[in-house]
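In: Next one to model:
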Amino acid sequence: MILKTQPRDYQKTIFETAINKNTLVVLPTGVGKTLISLMLSTERLKKYPLEKILILAPTKPLVEQHIQSFKKELPDLFADLQLFTGAVPAKERQKIWQTAEIIFSTPQCVANDLKNYLYDLKNVSLLVIDEAHRCLKNYDYTTVAKFYKQQAQHPRTLGLTASPGSEVAKVNQICKHLEIEEVESRTRDSPDVKPYLQELEFEKVEVDFPKEFAEIQVLFQRIFNKKVSELRNRKLLYGPANKISLLKLQRSLAKQAGSRNYNAMVGMSICAQAIKISHGSELLETQTLSGLNTYLEQIIKDAKAKKSKAAQNLFKSPDFQAALVSLSLLLQQKREHPKIEKIEELVKDEFAENKKTKIMIFTQFRETATSISKKINSIKNVRAKIFVGQAKKLNSKGETSGLSQKEQKKVIEEFREGKINVLVATSIGEEGLDIPEVSAVIFYETIPSAIRKIQRTGRTARLAPGKLIMLITKKTRDEIYHYASSARERKMHKTLQTVKEQMKNKIKVKTLEDFR
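Out: Residues are numbered from 1 along each chain as shown. Okay, here's the model as predicted:
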């Protein structure tokens, strides 16, 4: 083996499978999926020295991370490594493709180039798909995989993910798109992985949902129930009324409204009101009062500017007006969600225990990340920064609320060097990125997704013992989401076992497409 890092036993086992079969590798974050792709790349280049390797990752920072890993591990001049991103003009990519031996790219670049006949995948002996759980529907991964099936003369596919999801049909869909023949999955507790990882201490920290918050929640729930009843009375909504079902209904009504269907047009506005108030409830229960206030101010602004019929109708509602009054009183009293105080206490305790600690705090929303960062930066020895995605639009104050990819790289570098010791991240901190190991991961709120829970947890307890602390507001959706993600994680392992059995016994499987 020409690599500088000695592979672990489980990596060798998975590599042996991947040599002979298209393989989906399911491993926790930070336990070495990239090394397996490196091992397989060198093996394929030896077997087919005149062919290429194509490695795809969903974002530019992830692609850059992969090429750096390869450069670090491979001897100089082993192969011509080239990076494709949107910043490289298409004609330039066409030229580079002719001589490159290992190409690292976002799927969008390659999918567009293939559609424009700039090159083909005939001489690609290995296709590596990182974050393979995205290989669904019309995502560009699916397009590239389709071209690869049709064109490659010596095809081999390697899919990498921390979690492919908990639904059998969804995992089968990923496997079908990538023509997967074998699934290799491990957890932190797998006998061949466990010796390489450190102890992970789990702590569930519960806070009470204040009575004054619950009073606002009752008003929101009253509006929501009224809107749901209106949708049912109009024969537009059947079954449960939740965020997912309402968003699906909204898409369906938008199609019908195009043909001047009056009931669908009215239904769209009612549906939008239910979705808006449901989001307000989520902010109230799980985030910050300041974040909720910003959100409601935008609804008021849209109503006054007559930008949205849904906003206008909500603003007229007596219950909505009552909620605004109650929220205003709480803000005047400088009240905030109890989780903000609790997170300050938890961070203080971690630094009291160890001044050199590094912490990663995860939250859903940028506004919450900013509030947390401001709060904990008042603690002695704490140097916190937010780590969020690129801003697609201006926030309510007319400012950009995100970080460019250059700024993101700088924040990670500062965290690695110790200039920052607390990273407050949104979902961008979950997927793949080479963020240094942390002593503790804190979930500001629980999330229903098993994929995201596994990715967040993987940031600690790899090289040193770590902590996972989960904040839960009692009697709110925090509790529901916590149990949902835990149940889905358990289900995911059963799902992978089912898919393996189906492959082994060559059973005809159902994919998502069969349910449409």
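
In: I'd like to know how far residue 262 sits from residue 429.
Out: Per CB to CB, to the nearest Å, residue 262 is found 46 Å from residue 429. Where C-beta positions appear, they are placed from N, C-alpha and C, glycine not excepted.

In: higher neighbour count, these two?
Out: residue 429 (26 against 8; other CB atoms under 10 Å).

In: what are the phi and psi values for the nearest residue to that one once chain neighbours are set aside?
Out: Leaving aside its chain neighbours, residue 429 sits nearest to residue 387 (5.3 Å; criterion: CB to CB, 6 or more residues apart in numbering). Dihedral pair for residue 387: phi -130, psi 100, per degrees, to the nearest 10.

In: Any buried residues in the one helix or strand residue 489 maps to, and which?
Out: In this structure, residue 489 sits in helix 477-504 according to DSSP states H and E. Neighbour-count burial for helix 477-504, with 16 or more other CB atoms under 10 Å as criterion, is recorded at 477-479, 481-482, 484-485, 488-489, 492, 495-496, 499, 502-503.

In: tell me the strands in the chain, going along the chain?
Out: 23-26, 52-56, 81-84, 102-105, 124-130, 157-161, 182-185, 200-207, 359-362, 384-387, 422-425, 440-443, 466-473 (DSSP state E).

In: what about residue 343, how many neighbours?
Out: By the criterion of other CB under 10 Å, residue 343 has 25 neighbours.

In: begin at 847 from here
Out: Okay, using 847 as the starting number, the last item reads as residue 1189.

In: Once you drop chain neighbours, what's closest to it?
Out: In space, residue 1189 is closest to residue 1218, 6.0 Å off (CB to CB, 6+ apart).

In: And that neighbour, what's its pLDDT?
Out: Residue 1218 is assigned a predicted lDDT (pLDDT) of 96.

In: Also residue 1272?
Out: pLDDT, residue 1272: 91.

In: ok, it - contacts?
Out: Residues in contact with residue 1272 (CB atoms under 8 Å, 6 or more residues apart in numbering) are 1208-1212, 1215, 1233-1235.

In: gap between stretch 933-946 and the chain center?
Out: Computed by CA atoms, centre = their mean, to the nearest Å, the chain-centroid distance of stretch 933-946 equals 30 Å.

In: hmm, I was thinking of stretch 976-989
Out: The chain centre lies 14 Å from the centre of stretch 976-989; the measure is CA atoms, centre = their mean.

In: neighbouring contacts of that stretch?
Out: Contacts for stretch 976-989 (CB under 8 Å, 6+ apart): 870, 879, 883, 901-904, 908, 912, 952-954, 956-957, 960-961, 975, 991, 1005-1007, 1009-1011, 1016, 1019-1020, 1023-1024, 1277-1278, 1297, 1358.

In: now the residues you listed: which count as buried?
Out: 870, 879, 883, 901-904, 908, 912, 952-954, 956-957, 960, 975, 991, 1005-1007, 1009-1011, 1016, 1019-1020, 1023-1024, 1277-1278, 1297, 1358.

In: is it true that residue 1129 touches residue 1136?
Out: No - counting by CB atoms under 8 Å, residue 1129 stays clear of residue 1136, with 9.7 Å between them.

In: Neighbour count: these two, which is higher?
Out: Neighbour count, other CB under 10 Å: between residue 1129 and residue 1136, residue 1129 has more, with 23 against 18.

In: residues touching the more buried one, list them.
Out: 1137-1138, 1141, 1211.

In: burial of the residue lying closest to it once chain neighbours are set aside, as a residue count?
Out: Leaving aside its sequence neighbours, residue 1129 sits nearest to residue 1138 (CB to CB, 6+ apart; 4.2 Å). Residue 1138 has 26 neighbours, counted by other CB under 10 Å.

In: again with residue 974
Out: For residue 974, the count of nearby residues is 28 (other CB under 10 Å).

In: Can you name the residues bridging to the residue nearest to it when sequence neighbours are not counted?
Out: Distances taken as CB to CB, 6+ apart put residue 901 closest to residue 974, at 4.3 Å, once the chain neighbours are dropped. Legend: beta-bridge partners of residue 901 under DSSP bridges are residue 950, residue 974.

In: From residue 977, how far off is residue 901?
Out: From residue 901 to residue 977 the distance is 12 Å (CB to CB).

In: what's stretch 1192-1210 in contact with?
Out: Against stretch 1192-1210 from outside (CB under 8 Å, 6+ apart): 1051, 1132-1133, 1189, 1215, 1218, 1222, 1225-1228, 1261, 1264, 1267-1273, 1275-1276, 1281-1291, 1293, 1302, 1305-1306, 1313, 1315.

In: Please narrow those to those residing in helices.
Out: Secondary structure from DSSP state H places 1132, 1189, 1215, 1218, 1222, 1261, 1302 of these in helices.

In: dump the residue contacts of the second one.
Out: Put plainly, it is residue 1189. Shown in contact with residue 1189 (CB under 8 Å, 6+ apart): 1207, 1218, 1221-1222, 1288, 1290, 1317.

In: Same check on the last one?
Out: Contacts were defined as CB under 8 Å, 6+ apart; by that measure residue 1302 touches 1208, 1275-1276, 1287, 1289, 1293.

In: So residue 854 sits against residue 878, correct?
Out: Yes - contact criterion CB under 8 Å: residue 854 and residue 878 qualify, at 6.6 Å.

In: Compare these two (neighbour count), which wins?
Out: Between residue 854 and residue 878, counted using other CB under 10 Å, the more crowded position is residue 878 (20 against 17).

In: got a list of what the nearest residue to the more buried one once chain neighbours are set aside touches?
Out: Nearest non-adjacent residue to residue 878, counting by CB to CB, 6+ apart: residue 857, 5.6 Å away. Contacts for residue 857 (CB under 8 Å, 6+ apart) come out as 878, 881-882, 885.
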